[in-house]
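Enquirer: My questions are about this predicted structure, shown below with the sequence.
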Amino acid sequence: MSEHSERDVHREVTELQGKSATAARLFDIRRIIGGLFVVYGIIVTIAGITASDADIDKAEGVNINLWTGLGMLGLGLFFLGWLWLRPAAPPVPGESSAEGPSKV
């Protein structure tokens, strides 16, 4: 006879599916890209706010760090908003892209 009952196996499979779904949401590329753009956008925006007149004159009167930082910040927030509005769907049990097409 087997050491594990059917109930124990079902519970373990359910736990593994939950961990897989959590890992898929955690490492969603939108979270990584959005987070990096927000962090770098804040840094570049601060550099733009604290820019001297000499730095602005180098860019022909345009505070390029400020505008680039705000753009990066906006893009990062877009990615994080997209992630919040459309979260990754949990994987469907029994389906795997590595298995290839099923043959009938």
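Expert: Yep, it's here.
Enquirer: And the helices in this protein?
Expert: According to DSSP state H, the chain carries its helices in the segments 6-26, 29-49, 53-58, 64-85.
Enquirer: In TSV, list the ones you listed along with mean neighbour count and mean pLDDT.
Expert: To be clear about C-beta, it is placed using only N, CA and C from the backbone, and glycine gets the same treatment. Putting the helices of the chain into TSV (neighbours: other C-beta atoms under 10 Å; pLDDT from 0 to 100) gives the following:
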stretch	mean neighbour count	mean pLDDT
helix 6-26	11	67
helix 29-49	16	94
helix 53-58	11	90
helix 64-85	16	94
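Enquirer: With adjacent residues omitted, what lies nearest to D55?
Expert: Closest residue to D55 apart from its sequence neighbours, by C-beta to C-beta, 6 or more residues apart in numbering: N65 at 7.7 Å.
Enquirer: check contacts around the nearest residue to T68 once chain neighbours are set aside.
Expert: Nearest non-adjacent residue to T68, counting by C-beta to C-beta, 6+ apart: V44, 5.6 Å away. Applying C-beta atoms under 8 Å, 6 or more residues apart in numbering to V44 gives the contacts N65, T68, G69, M72.
Enquirer: make it 10 Å
Expert: The contact partners of V44, by C-beta atoms under 10 Å, 6 or more residues apart in numbering, come to I64, N65, L66, W67, T68, G69, L70, G71, M72, L73.
Enquirer: And the residue nearest to D55, how far from D53?
Expert: Counting by C-beta to C-beta, to the nearest Å, the gap from N65 to D53 is 13 Å.
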